[in-house]
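Undergrad: build me a model from this:
(2 chains)
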Amino acid sequence: MTNAVSMSGVRKTFGQKVAVEGIDLTIPEGSMYGFIGPNGAGKTTTIRMIMSILFPDCGELSVLGKKSAVESKDRIGYLPEERGIYKKMKVGSFLKHIGRLKGLDSKGLDSRVKEWLDRVDLNEVYKKKCEELSKGMQQKVQFIASVLHDPDLIILDEPFSGLDPVNMRLLRTLIDEQHTQGKTVIFSTHVMFQAEKICDHIVMIHEGKKVLDDTLDDIRTRFDPRAIHIDPVAGAGSVDAIAQLPCVSLVRPVEIAVEVILNEGIDTQEAMKIILSTQPLNRIEIKKPTLEDVFIEIVTGGDTSEDAQLLRAKLLSGSKGEEEASS
Amino acid sequence: MNISKIMRVAAREFASTAMTKGFIIGAIVVPAVMVAVIPLVMMLAMSAQPPADTGTVYILDHSTEVLPVIEERLDPEAVKDRWIERFGDAAELAGKLLPSVGSSAAADTIDQAASSIKSPIFKIIPAGGDTDIDELKTELRNQVTANAKLSDETEKLLAIVEIDIDATRKLNEDEGYGAYQAFFRPKLNEETVSEIKDGVRWSIRQKRYENADLDRTLIAEINTIQARQSKEITETGERKEASAIASFGIPFVSMLLLLVASMTGGQYLLTTTVEEKSNRVVEVLLSAVSPIELMTGKIVGQMGVGLSLLAVYNSVGIIALIIFKRGDLVSPMTFVYVFIFFILAYFMFASLMAAIGAAVNDLREAQSLMTPVMIMMIMPYIFFMPVIRAPNSLFSTIMSMIPPISPFIMIMRVSSTDAPPAWQILLAILINLVGVLFFLWFAAKVFRVGLLMFGKPPNIRTLIKWIRMA
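TA: Residues are numbered from 1 along each chain as shown, chains lettered A, B, ... in the order given. A predicted model of the protein is given here:
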């Protein structure tokens, strides 16, 4: 399989600030990659370099087999983080203008634009000015602008921000559809929960460095927290017996449950049977690692210090609202 | 560089600027309407017939010899003949102003109009030598007061003219001639009043000539000097003496035209660039075109805007020159030079505007960076007088070689009555071409870095840093 994007040792600084520091990355064709990381981690800078909007200070980069995206711009679809449209232009003319800039022939362009507007339930806005549209509608128009020319590589920078749940689902379907057609999709988000839902491969960026680059399944296996969540019938205060068990290293209350952390080398299934035998439980389940947990573990190295707590809080506050909206 | 993408950007840039109601009305419709309306108004003003007055004129002629001449001069037929002649001149001029009206059709119209012309009709009534002028005045006042419709229009008293006894013959050799006095009905047509006055004056003068035994025609001939056009002798030959319009007006208008056309395009370029940047649409564009393609497209698009302005105003100028038959004022080459120097001036100015637009976040921030550009645009005004007084002085020559003001100074020199030698024009064009390349290079660097930079607007030092960066 050839690579849609490959970069090695790519570095970018803005004055004193290092935005991206030595990223190596290969993205095979036809894959669905998620760039995750908190705000200001360097995701957008990385994407802009892939797009040849910014140029790296040093390092090698190739996009769709070409030295840079400059030579293959027409085969790439890009939805920037900062959404831009011509306010005074009519939606139809705007999309046609972008289509023409992306090298589409004017023949058949009109029906293609109308077809896409139809697919996102916006067929009535063709003749409206862009400024008359709601923010969500504008975002859908911008998404069309990025896929109108049927690109091989689609790069979406924070595609879900500001969308309501219905449109978020619609957009997810559309992205999935592109992926199924064999397109390479890269998208970035600071809401890790979203990445978990769609991506098959995760790239985690933190302070300009790549800290994780793996498939979602591998990450889950690798970062197995060896923890079980239980909800005792008698309440959170009645877990002393469990804490005494030889297979258990720590018991601590978490949000809506009690977290039981197992000792190393313990079989999870066996441990669950033992725990269940100690007292009646409403619920018992193996804790799945969330990307947040993984991220925090990587960044803090299993550190439970104040810094790590702070980072966790920051990540949660960033994703909480949108997480709830999308579920 | 992808030419079709550049042209696509240019087309949008042009359409979004020039295809707006504001631009079309302000820049195209207004001058076009002016061109269409001015000759029409002039023709109407010239051919409009004042309502002709009909009525009586009392002549109280104490000299006793002017009356018969006045009677002849103000005879309705004679008056009409003179009016037709005068109207003919006006109609001919109007015909010139409206070249679209076929000349034969125009001639027909003029003939028709002439036959239907209404001139005032005077009934001259001599008042006896012993008539009291006050009685006549009272009669006129009564008519005015009664304001009655008279059964016979000629009964309407229009004027009373009293001619002094010595109006045509001096009583003493060392005294001057006597005069005349006229009393008019109020609110009379101006044409009627002057027809009566002129008639009386002409008649008195006629009598004076006769009495002095002078030949009126001869005197008229003596007083007329048909001077041929004065000319200036120059190194290479001779030429017509420069009028104020030729030596000041034409260079000023050419310079202004250049300034307005490049300013308009440049201003729009600044606005659209700032707009695209603050709209964040620029990142979408940059995913399809490179910064240099985007900038080139925008500059070319706005050049179209400047060129259309130039075309409109030049056409207005050419039409005006044709109408007033002053083609001699401007040589056709001047128009060619206006276009050449416009392109050069525009590219330098537009590059600066594009760079400024890309560097700032909004128009307000652009103001501080605009100051040097504005100073640059004022320079041609400041240098206008010194350059136009001595278009070939050392000062003028040097100023016309320094970009970016060179095109403006050069166009003044080229269109002045004392055009510079061809090698200087050529040299200026070459220097400006180098200037254009430099400005474009500078703008491309700033444009590329600036477009995605948000936050604190840059000062000159940051700009230089950006240039090193890009």
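Undergrad: state the pLDDT value of the one residue in the stretch 301-450 of chain B that gets nearest to chain A.
TA: Taking Cβ to the nearest Cβ, chain A has its nearest neighbour within the stretch 301-450 of chain B at B:R448, 9.3 Å off. C-beta here means a position set from N, CA and C on the backbone, and glycine is covered the same way. pLDDT recorded at B:R448 is 83.
Undergrad: before we move on, what about B:T109?
TA: Value for B:T109, per-residue pLDDT: 59.
Undergrad: next: B:L256.
TA: On the pLDDT scale, B:L256 gets 87.
Undergrad: ditto for B:A91
TA: 62.
Undergrad: with just CA atoms, put stretch B:394-407 into PDB.
TA: The C-alpha trace of stretch B:394-407 is given here as PDB (Å, rounded to 0.1, in the frame of the first residue of the first chain):
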ATOM      1  CA  LEU B 394      16.600  68.700 -14.300                       C
ATOM      2  CA  PHE B 395      14.100  68.400 -11.400                       C
ATOM      3  CA  SER B 396      11.300  67.100 -13.600                       C
ATOM      4  CA  THR B 397      13.600  64.700 -15.400                       C
ATOM      5  CA  ILE B 398      14.900  63.200 -12.200                       C
ATOM      6  CA  MET B 399      11.500  63.000 -10.600                       C
ATOM      7  CA  SER B 400      10.100  61.200 -13.600                       C
ATOM      8  CA  MET B 401      12.700  58.500 -13.200                       C
ATOM      9  CA  ILE B 402      12.100  57.600  -9.600                       C
ATOM     10  CA  PRO B 403       9.500  54.800  -9.000                       C
ATOM     11  CA  PRO B 404       6.800  54.700  -7.700                       C
ATOM     12  CA  ILE B 405       5.900  58.300  -8.500                       C
ATOM     13  CA  SER B 406       7.700  58.200 -11.900                       C
ATOM     14  CA  PRO B 407       4.600  57.200 -13.900                       C
END
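Undergrad: residues of it that come out buried?
TA: Within stretch B:394-407, the residues that count as buried by 16 or more other Cβ atoms under 10 Å in any protein chain shown are B:S396, B:T397, B:M399, B:S400, B:M401, B:P403, B:P404, B:I405, B:S406, B:P407.
Undergrad: also stretch B:192-205?
TA: Per 16+ other Cβ under 10 Å, stretch B:192-205 contains these buried residues: B:T192, B:V193, B:E195, B:I196, B:G199, B:V200, B:S203, B:I204, B:R205.
Undergrad: which of the residues you listed fall within strands?
TA: If you go by DSSP state E, those have nothing in strands.
Undergrad: which among those residues are in contact with chain A?
TA: Counting by Cβ under 8 Å from any Cβ of the partner chain, nothing from the buried residues of stretch B:192-205 sits close to chain A.
Undergrad: may I ask which two of those are separated the most?
TA: Maximum pairwise distance in the buried residues of stretch B:192-205, criterion Cβ to Cβ, is 20.5 Å, between B:T192 and B:R205.
Undergrad: just the element for B:P372, please.
TA: B:P372 belongs to helix B:363-382 when assigned by DSSP states H and E.
Undergrad: just list what the following helix or strand past that helix packs against, helices and strands only.
TA: Once the chain leaves helix B:363-382, the next helix or strand it forms, by DSSP H and E, is helix B:384-389. Using 3 or more Cβ pairs under 8 Å, 6 or more residues apart in numbering or on different chains; DSSP states H and E as the contact criterion, the elements in contact with helix B:384-389 are helix B:250-279, helix B:394-399, helix B:406-415.
Undergrad: for helix B:384-389, give the mean pLDDT please.
TA: pLDDT averaged over helix B:384-389 gives 87.
Undergrad: where's it relative to the chain centroid, distance-wise?
TA: Centroid separation between helix B:384-389 and its chain, computed with Cα atoms, centre = their mean, to the nearest Å, is 21 Å.
Undergrad: give the contact list for residue 171.
TA: In the absence of a named chain, chain A is used. Applying Cβ atoms under 8 Å, 6 or more residues apart in numbering or on different chains to A:L171 gives the contacts A:K140, A:F143, A:P159, A:F160, A:L163.
Undergrad: the chain in question should be chain B.
TA: B:L171 touches B:I165, B:G178, counting by Cβ under 8 Å, 6+ apart.
Undergrad: hang on, B:A179 packs against B:D164?
TA: Yes: B:A179 lies in contact with B:D164 (Cβ atoms under 8 Å); the separation is 5.6 Å.
Undergrad: now the residue lying closest to A:L64 once chain neighbours are set aside: how far from chain B?
TA: In space, and not counting its chain neighbours, A:L64 is closest to A:S72: 4.4 Å by Cβ to Cβ, 6 or more residues apart in numbering or on different chains. A:S72 sits 11 Å away from chain B when distances are taken as Cβ to the nearest Cβ, to the nearest Å.
Undergrad: count of residues packed around A:S72?
TA: Around A:S72 there are 18 other residues, counting by other Cβ atoms under 10 Å in any protein chain shown.
Undergrad: ok, now A:M49?
TA: Counted with other Cβ under 10 Å, A:M49 comes out at 26.
Undergrad: pretty sure it is touching A:V20, no?
TA: Yes: applying Cβ under 8 Å as the test, A:M49 and A:V20 come out as touching, 7.1 Å apart.
Undergrad: overlap in contacts, the two.
TA: A:V10, A:K12, A:P56.
Undergrad: what's the closest of these to chain B?
TA: A:K12 (11.7 Å).
Undergrad: now do the contacts for the residue of the stretch 201-327 of chain A found nearest chain B.
TA: Going by Cβ to the nearest Cβ, chain B is nearest to A:G208 of the stretch 201-327 of chain A, at 17.4 Å. Neighbour list for A:G208: A:V18, A:A19, A:V20, A:E21, A:I23, A:A41, A:G42, A:T45 [criterion: Cβ under 8 Å, 6+ apart].
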